[in-house]
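Student: Got a sequence here, can you build the structure:
(3 chains)
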Amino acid sequence: MAQSNIVETVDLEKHYKNVVALDGLSLAVPAGSIYGLLGQNGAGKTTAIKILMGLVRPTAGGAAIFGLPADQPAASVAIRQRTGFVSDERDLYDFMTVAKLIAFTASFYPGWRADLAARYVRSFDLPESRVVKALSRGARTKLALLLAFCRGAKLLILDEATSGLDPVASEEVLQVLVGHVANEGVTVFFSSHNIAEVEQIADHVAIIDRGRNVLSGALDDLREAYRRIEFVFDGEAPALKFHSTGVVRMERKGRVLSVLASSGSEQIVAEGRAHGSLSAQARPVTLKEIFLDIASRER
Amino acid sequence: MLFRPNPASGVPIYLQIMEQVKHAVETGALRPGEQLPGIRPLAEELVINPNTVAKAYRELEHDGIIELRQGAGAFVSAASGAQGRAEKFRGARTIVAAAVKQLRARGVTEDEIRRLIDAELAGLSGKGE
Amino acid sequence: MLWYKAWIDTRWRFLVALALLVCTVLGNALAYSSVDGFVVALAAGPAGPLADKISSIAQLSSTFRGFIWGQVIRQNLCGLWIIFAVLLGADGLLSRRKGVIFTLALPVSRRRLFSVRAATDLAELFLLALIPMLLIPLAAPAAGQTYGVADALVHGISIFLGGAVFYGLARLLATAFDDRWRPIVITLAVAIVVELCKEFIPMPAPLNLGGVMDGQRYFLTGTPAWAGLVIWYAISMSLLYAALRSTEMRDF
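Tutor: Okay, here's the model as predicted:
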């Protein structure tokens, strides 16, 4: 396992009674990156995260954080000592006050940053004497994030950090996250089904579908390699067989042949021209298009 | 100071930032020797990945547009002669814009315009006289 | 802070239980004088198996010590204590409810989480057995009676050591079921069976859990049922260990 990968999973599998939640998931999160795990609901994001946090035992395969195996109890404690976690349910102790919960959490982490906690309480506008149960959804999420940020962790694992938040609160959360990353130098592994958010802050991304990693890599690399190429023909567009391996999907509509390419777009353009296309236009592809293409492909 | 990049445009964010900086230098909004925003504050302000800002700055330095001074920050290169170029380009762009507009009004296509300009340039170098 | 959390999760239950047990025990003990006359009258009634039963109970109540054992410990204290032991056992730190994911994400092993909670529960159950019992020697003079501290101690400890198995069983069942009610219902059903056996089926000492718990041998002979207490407490610890392993293996 490469030293520069903070999180690494190898063929991770999880089978429940009638459901296969993870079907051989492999991914690697480089240190210092903001890594977005994209997938539909039920694709396996939360299961993968739970395995990383030692909440669930994998059926097969390996998962390691900081080079430590996530499925061994002692190693898992060591992992959790250096990891900040926000669950998708924002699970907290409902009957404690905000201040009490912060103090309670702080007691488990020798590296607790009281200065950051004080700052975030102010900037998040959290009412310290209010009981957690009485917090609004946005405030609850912010509190959960505060508890994750302030423990002096090197890795943050966030499961759907902005779900259920209005756009203003959501942007505020992202801004604090980005600021925290910039100032503290942590690695972030976050799952989301909000593509816009992933495109905004992630530098690496993995798309998970039906428990498997169907696409992953540096986001900029994907943006530079993926192209949608449209060929216009004189007459009905032919069903071309491209030699280039980068052709992901082809669609014919009348005189137009539309090709989604994951690489080698220049070669594809050349091939199309060689087959007599009147014009060839290549344009960038958004992550949303890639994601929707993958989602529809599997159905 | 810089505008929010569009994450959904398909163009890498670092390229968008580079374009904004280059544009600012060309139009004179950023002058040689002026300091750019720091990586961390800029990332926070635009709510984008700090690594992305860092990458943009690195590439800009590679292209000679800015200098990264250890501990001090990022500054627009003085040596690139950016100012004079900026003025030169401002004027040139206006001329080209007007010419292209006229040609298109006549129904001349993009490719044809390109061929005309190439031909003119080739003819100019060949004139010699 | 784990101890603090275990305490705040169980304190109301504990305090209510303590109040209830103390009131029941003291109320009964102090009412002895009125029972005395009533019982003598009862003993003089008609014959028959039920009447025999009643008269043997009445016989017991002719002494304060017998009354305490027959009525207070055997009937009230044991039963109530078992109910609270089951309630405490069925509701663990890690049973499926709010806060469990947060707890498990803390840098603490499940073993430690489980152990701290179990230790707190057992400490509370110990106090719930001993405090009411120890109040009897203190309160007895108010009813014009005396009660030995040794008796109180032995009975209190017997209730705890013997009855811990119900706590263990409830805790083990709580790791198997997702809801709170099934462990409670099942364990209470077992407790009822044990009580019925104690009343109606004569059994040799260690097996008779009910008898071990209410200190029957000690009352009758002055010797505590050591073997029975040790065996049943060992069984309860085994049940707890099984619950621990089950908790460690579980997916949340």
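Student: Give me the neighbour count for C:A189.
Tutor: Other residues lying near C:A189 total 10 when counted by other CB atoms under 10 Å in any protein chain shown. Where C-beta positions appear, they are placed from N, C-alpha and C, glycine not excepted.
Student: From chain B, how far out is it?
Tutor: 59 Å (CB to the nearest CB, to the nearest Å).
Student: which element is that residue on?
Tutor: According to DSSP states H and E, C:A189 maps onto helix C:181-200.
Student: what's the answer for A:V205, then?
Tutor: strand A:204-209.
Student: Do a quick rundown of the helices in chain A.
Tutor: A:45-52, A:73-81, A:98-106, A:114-124, A:137-149, A:167-184, A:195-201, A:219-225, A:265-274, A:287-297 (DSSP state H).
Student: closest one to C:A191 among these?
Tutor: helix A:73-81 (33.8 Å; CB to CB).
Student: ok, the closest one near chain C or not?
Tutor: Yes: Helix A:73-81 lies within reach of chain C by CB under 8 Å from any CB of the partner chain, at A:73-74, A:77-78, A:80-81.
Student: what's near enough to touch C:G144?
Tutor: C:S33 (CB atoms under 8 Å, 6 or more residues apart in numbering or on different chains).
Student: Would you tell me which helix is longest in chain B?
Tutor: Chain B, longest helix under DSSP H: helix B:82-105.
Student: roughly how far apart are C:T247 and chain B?
Tutor: 40 Å.
Student: Give me the phi and psi for C:D214.
Tutor: Per-residue torsions, C:D214: phi -90, psi 10 (degrees, to the nearest 10).
Student: and the strand holding A:V205 with chain B, contact?
Tutor: No: if you take CB under 8 Å from any CB as the test, strand A:204-209 misses chain B, and the best it gets is 9.4 Å.
Student: how close does the closest residue to chain B within chain C get to chain A?
Tutor: Chain B sits closest to C:A105 of chain C, with a gap of 25.4 Å, by CB to the nearest CB. As judged by CB to the nearest CB, C:A105 and chain A stand 5 Å apart.
Student: Unless I'm misreading it, that residue sits right up against A:G84, doesn't it?
Tutor: No: between C:A105 and A:G84 there is no contact under CB atoms under 8 Å: 9.1 Å.
Student: follow-up on the earlier one: what are the pairing partners of the strand holding A:V205, and which direction each?
Tutor: Next to strand A:204-209 in the sheet, as set by DSSP bridges, lie strand A:34-38 (parallel), strand A:212-218 (antiparallel).
Student: hang on, the earlier thing: what count of nearby residues applies to the residue of chain C closest to chain B?
Tutor: 23.
Student: what's the answer for B:R4, then?
Tutor: Using other CB under 10 Å: B:R4 sits among 12 other residues.
Student: and if you look at the one 5 residues further on?
Tutor: Using other CB under 10 Å, B:S9 is surrounded by 14 other residues.
Student: Am I right that it is in contact with A:T286?
Tutor: Yes: using CB under 8 Å, B:S9 is in contact with A:T286, at 7.1 Å.
Student: who in chain B is up against chain A?
Tutor: By CB under 8 Å from any CB, the residues of chain B that approach chain A are B:7-14, B:39-40, B:43-44, B:47-52, B:55.
Student: From those residues, which land in helices?
Tutor: Reading helices off those with DSSP H, I get B:13-14, B:39-40, B:43-44, B:50-52, B:55.
Student: rewinding a little: please identify the deepest-packed of the helices of chain A.
Tutor: helix A:45-52 (a mean of 26; mean count of other CB atoms under 10 Å in any protein chain shown).
Student: Could I get the average pLDDT for that helix?
Tutor: Taken as a whole, helix A:45-52 carries a mean pLDDT of 94.
Student: what about that helix, near chain C?
Tutor: Yes: Helix A:45-52 is in contact with chain C by CB under 8 Å from any CB, via A:K50.
Student: Can you pull the residues of the stretch 101-250 of chain C lying near chain A?
Tutor: Counting by CB under 8 Å from any CB, the stretch 101-250 of chain C sits next to chain A at C:101-102, C:104-111, C:248-249.
Student: and these as a markdown table, adding secondary structure?
Tutor: A markdown table is the format used below for those (DSSP: H, G, I helix; E, B strand; the rest coil):
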| residue | secondary structure |
| --- | --- |
| C:I101 | helix |
| C:F102 | helix |
| C:L104 | helix |
| C:A105 | coil |
| C:L106 | coil |
| C:P107 | coil |
| C:V108 | coil |
| C:S109 | coil |
| C:R110 | helix |
| C:R111 | helix |
| C:E248 | helix |
| C:M249 | helix |
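Student: Dump these into TSV; add pLDDT as well.
Tutor: Formatted as TSV, those follow (pLDDT from 0 to 100):
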residue	pLDDT
C:I101	92
C:F102	94
C:L104	94
C:A105	94
C:L106	95
C:P107	96
C:V108	95
C:S109	95
C:R110	94
C:R111	94
C:E248	92
C:M249	91
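Student: quick one on the thing from earlier: ok, now how distant is the residue of chain C closest to chain B from A:P73?
Tutor: 14 Å (CB to CB, to the nearest Å).
Student: For the strand holding A:V205, give me every contacting residue.
Tutor: Contacts for strand A:204-209 (CB under 8 Å, 6+ apart): A:25, A:27, A:29-30, A:33-40, A:43-45, A:48, A:198, A:213-219, A:222, A:287, A:290-291, A:294-295, A:298.
Student: what residue lies at the spatial centre of chain B?
Tutor: What sits nearest the mean C-alpha location of chain B, by CA atoms, centre = their mean, is B:K22, with 3.3 Å.
Student: Against which helices or strands is the longest helix of chain B packed?
Tutor: Secondary-structure packing of helix B:82-105 (3 or more CB pairs under 8 Å, 6 or more residues apart in numbering or on different chains; DSSP states H and E): helix B:13-27, helix B:110-127.
Student: Pick the most buried one from those helices.
Tutor: The most buried stretch of the helices and strands packed on helix B:82-105, if neighbours are counted by mean count of other CB under 10 Å, is helix B:13-27, with a mean of 19.
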